[in-house]
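# give me a 3D structure for the following:
(4 chains)
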Protein chains: 2
Amino acid sequence: MAKDGKAAARGKQERLVSAAVELAHRQGYRKTTLADLAEAAQVPLGNVYYYFKTKDDIGEAIVQHRESEFEAMRAHLDGLPTPKARLVAFVDMTMRNAATVAKHGCPMGSLCAELLKDGGQLAERSNALFAKPMDWMERQFSALGYADAAADLTLQLQSSLQGASLMTQSFRDPALLEREGRRLKSWIEAL
Amino acid sequence: MAKDGKAAARGKQERLVSAAVELAHRQGYRKTTLADLAEAAQVPLGNVYYYFKTKDDIGEAIVQHRESEFEAMRAHLDGLPTPKARLVAFVDMTMRNAATVAKHGCPMGSLCAELLKDGGQLAERSNALFAKPMDWMERQFSALGYADAAADLTLQLQSSLQGASLMTQSFRDPALLEREGRRLKSWIEAL
DNA sequence: GTCTATACGGCGATAGAC
DNA sequence: GTCTATCGCCGTATAGAC
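From the prediction side, this is the model:
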């Protein structure tokens, strides 16, 4: 039936996006070919173009998927009682990824850097990866009573996490992110 | 004469490396083709291979050039009287690049991220871009009397600068790096 | 050492049958 | 909607004359 057709289509599209997100993280967006993608998602190569007109469209889908991942995370964080607890939990979740970050970089940061160097339309979309998390952080710092300094504190926290992720990947040492994470958590607690 | 030939050869090699360093920063290493390079350095395409066997060799030369740039900077910094003054001057030099960083990213950080995602032999060389600066920072913090915490303080400083550089590039806003730079300078002064 | 012409492979994208 | 075959381009690298 038509319904099955559409269901299959949704299934394929989802598989393609999932594969794209994972491959872009593991081996980079640029390095990931449509053939790689088709194979990983178990979709014939030519069929990819039924779902995405260009490779850039796939990049856009990856960015949107990462954005929605943060929304899910945020829904969980917002269940915590205090702004401090929420911020600490955010840092904690990043730290728990240290092993993956050491291998492939921060899922958001390394993608952002790559899209920026690619320099196409996607470069201008790259900050979407940071916009929502930083808005959220800023609200937490405001709620903590630092309304005036919230933007600075947010920049400080996000920069430290992103920089530490890059160091962690470059030196292939998860301990770096863990050390910075511990420091940032006690910094938040002491605010 | 033979001497002129060698002089011309050195001149060409230097032009090629300079062009490679600049193009890799402006448009990315991967995106820079050998044709781009040949044109920028005013060297015929086929002749590039007389100086570099593969494109990876050019990448290696770029990394080494960046390393030697730090050595020159360090020679200048080490002329300053105190460790604090040296560390502050280091942050200052990064801050003064904010406009360029907003356009093309940190010359070291963005290259490092790119080489890491490329995943070849060069990925393993990427941390050479950070090793010497971080060794130097660690010695400064030790000289300041923080021998035990020097590694942590170094990680903190380098992470903040790298992360802030990524934010600055992503949001195309030099003010971000300037804000973090100011904060880091007063943090150093207060140590 | 220098340079032109070209081989070779890979990738994004399309055509067109089913 | 699905899939095969293939086009056209571009990028690295090489061959070989000078």
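
# flag the shaky bits of chain A, pLDDT-wise.
A:1-9 (pLDDT under 70).

# over to the most centrally placed residue in chain A: give its phi and psi.
Geometric centre of chain A, nearest residue: residue A:108, 3.3 Å, by Cα atoms, centre = their mean. Backbone geometry at residue A:108, expressed as degrees, to the nearest 10, gives phi -90, psi -50.

# what is the burial count for the nearest residue to it once chain neighbours are set aside?
In space, and not counting its chain neighbours, residue A:108 is closest to residue A:129: 4.3 Å by Cβ to Cβ, 6 or more residues apart in numbering or on different chains. Where C-beta positions appear, they are placed from N, C-alpha and C, glycine not excepted. Neighbours of residue A:129 under the rule other Cβ atoms under 10 Å in any protein chain shown: 22.

# tell me the domain ranges of chain A?
Domain assignment for chain A by automatic domain parsing gives A:1-53, A:56-189.

# picking up where we left off before, residue A:68 is in contact with the residue nearest to residue A:108, correct?
No: at 11.6 Å, residue A:129 does not count as touching residue A:68 under the criterion of Cβ atoms under 8 Å.

# just the element for residue A:70, please.
Assigned by DSSP states H and E, residue A:70 falls within helix A:55-77.

# which residues does stretch A:158-169 contact?
With contact meaning Cβ atoms under 8 Å, 6 or more residues apart in numbering or on different chains, stretch A:158-169 is reached by A:91, A:94, A:98, A:101-106, A:109-110, A:130, A:133-134, A:137, A:174, A:176-177, A:179-181, A:184, B:109, B:112-113, B:116, B:130, B:155-156, B:158-164, B:166-167, B:180.

# how about the CA coordinates for it, as CSV?
The C-alpha coordinates for stretch A:158-169 follow below in CSV (Å, rounded to 0.1, in the frame of the first residue of the first chain):
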residue,chain,number,x,y,z
GLN,A,158,31.6,26.6,26.3
SER,A,159,35.1,27.7,25.3
SER,A,160,36.8,25.6,27.9
LEU,A,161,34.8,22.5,27.0
GLN,A,162,35.4,22.9,23.3
GLY,A,163,39.1,23.7,23.7
ALA,A,164,39.5,20.8,26.0
SER,A,165,37.8,18.5,23.5
LEU,A,166,40.2,19.6,20.8
MET,A,167,43.2,18.9,23.1
THR,A,168,41.8,15.6,24.1
GLN,A,169,41.4,14.5,20.5
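
# just the residues contacting the helix holding residue A:70, thanks.
Helix A:55-77 is contacted from outside by A:16-18, A:20-21, A:24, A:29, A:34, A:37, A:52, A:86, A:89-90, A:93, A:107-108, A:111, A:115, A:120-122, A:125-126, A:128-129, A:132-133, A:136, using Cβ under 8 Å, 6+ apart.
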